[in-house]
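S.K.: Need a 3D model of the sequence below.
(one chain, ligands or ions: 1)
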Amino acid sequence: MSMTQSISVRKLHPALGAEITGVDMRRAMDAATFKAVHDAWMEHLVLVFPGQHISDEEHVAFTRYFGDPEIFHQAILKSTRVKEIFRLANVAEDGALMPPAHKDLKQIALAQMWHTDSSYKPRPCVGALLHGLEVSRTGGQTRFTNMYRVWEELPESLKRQARGRKARHDFGNLARLADIRKPTAEEEAAMPPVWQPMVRTHPVTGRESLYISPIYNDMIEGMADADAVRLVADLTDFASQDRFVYSHWWTTDDVVMWDNRCTMHQVTPHDPTERRVMHRTTIEGVDLVLPA
Ligand SMILES: [Fe+2]
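M.R.: Below you'll find the model as predicted:
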């Protein structure tokens, strides 16, 4: 039976982020609770749910309130038991700590650069929910930036270069940034590069935001490649100012849920000999309303 859960919302940073208490993800949510959570999500962009002692199956079931869970297109980095779980971990499924030079860890480490998840898909994901199972004490903070505010406050000289343009998002760019496992021919065929508008209108809030994903962006239409990379770097520098950024220090069994349509995120480095196990679900994309 689902009952209305009485939730409370505490703001974590002036730009974005709120802590939600009173929700137990193991229980079914009724329509009123779902609406309260969804409204808070749209207002605060990043929600932190402390103390969620959930299994992977419960994590996936909670995700389904918000959409279909995405299944990662590569054979690596996902749970062999629950295919909707994407593993950001330096610990293999058998519990063994992985050597820092492992190619999977180099791929995971690229998340230290600002990005928004699965922007390389024709319909990028809506958002994601990350569960901290073994959290880092030496780093491993997740930092989020509010891309509505970034777009609003962007200097006109930069706005002019982004407005009306599309940027290319290529999953294959990861293998150009670091010495990681090359995507197989099959994985490459499944994920050809896509062009996304650099300014998008959020389908729920109707607000415009800047949409870039620096780890995947390699080209911008109407620009030489070097100029494109420089523009993405300038936009990223602007977006990473403290006034736009909430940094989350993890506690075990936090679940952090973010909107990938209007935020970017990055993880801070941590001691590679310290165990870190984070499980993510990703909410599959739906058709977007593009700016007129
Ligand atoms: Fe990410």
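
S.K.: Counting neighbours, what do you get for the closest residue to the ion within the chain?
M.R.: Per C-beta to the ion, Asp117 is where the chain lies closest to the ion, at 4.5 Å. C-betas here are computed from N, CA, C, even on glycine. A total of 24 residues lie near Asp117 under the criterion other C-beta atoms under 10 Å.

S.K.: Now that it has come up, it's in contact with Cys125, right?
M.R.: Yes: between Asp117 and Cys125 there is a contact at 5.5 Å, judged by C-beta atoms under 8 Å.

S.K.: Overlap in contacts, those two.
M.R.: Taking C-beta atoms under 8 Å, 6 or more residues apart in numbering as the criterion, Asp117 and Cys125 both touch 260, 282.

S.K.: Is the residue nearest the centre of the chain part of a helix or strand, or is it coil?
M.R.: Among the residues of the chain, the one closest to the centroid is Asp117, at 4.4 Å (C-alpha atoms, centre = their mean). At Asp117 the chain is in coil, as set by DSSP: H, G, I helix; E, B strand; the rest coil.

S.K.: and if you look at Val48?
M.R.: Assignment for Val48 (three-state DSSP): strand.

S.K.: hmm, back to that, what pLDDT does the residue of the chain closest to the ion get?
M.R.: The model reports Asp117 with a pLDDT of 97.

S.K.: Return the residue spatially closest to it, with its sequence-adjacent residues excluded.
M.R.: Asn260 (5.0 Å; C-beta to C-beta, 6 or more residues apart in numbering).

S.K.: same check, this time on Met191
M.R.: Met191 sits nearest to Phe171 (C-beta to C-beta, 6+ apart), 4.5 Å away.

S.K.: if I pick the one you found, what's in contact with it?
M.R.: 73, 120, 183, 191, 193, 216.

S.K.: The same query, at a cut-off of 10 Å, please.
M.R.: Listed by C-beta atoms under 10 Å, 6 or more residues apart in numbering, the contact set of Phe171 reads 73-74, 118-121, 183, 187-188, 190-194, 215-216.

S.K.: Can you give me the distance of it to Trp258?
M.R.: To Trp258, Phe171 is 20 Å away according to C-beta to C-beta, to the nearest Å.

S.K.: At the contact with the ion, which residues of this structure appear?
M.R.: 111, 117 (C-beta under 5 Å from the ion).

S.K.: could you redo the last one with a cut-off of 8 Å?
M.R.: Within the chain, the residues that sit near the ion (C-beta under 8 Å from the ion) are 88, 111, 115-117, 128, 265, 267, 280.

S.K.: Identify the farthest-apart pair in these.
M.R.: Greatest spatial distance among these (C-beta to C-beta): Leu88 and Thr116, at 15.3 Å.
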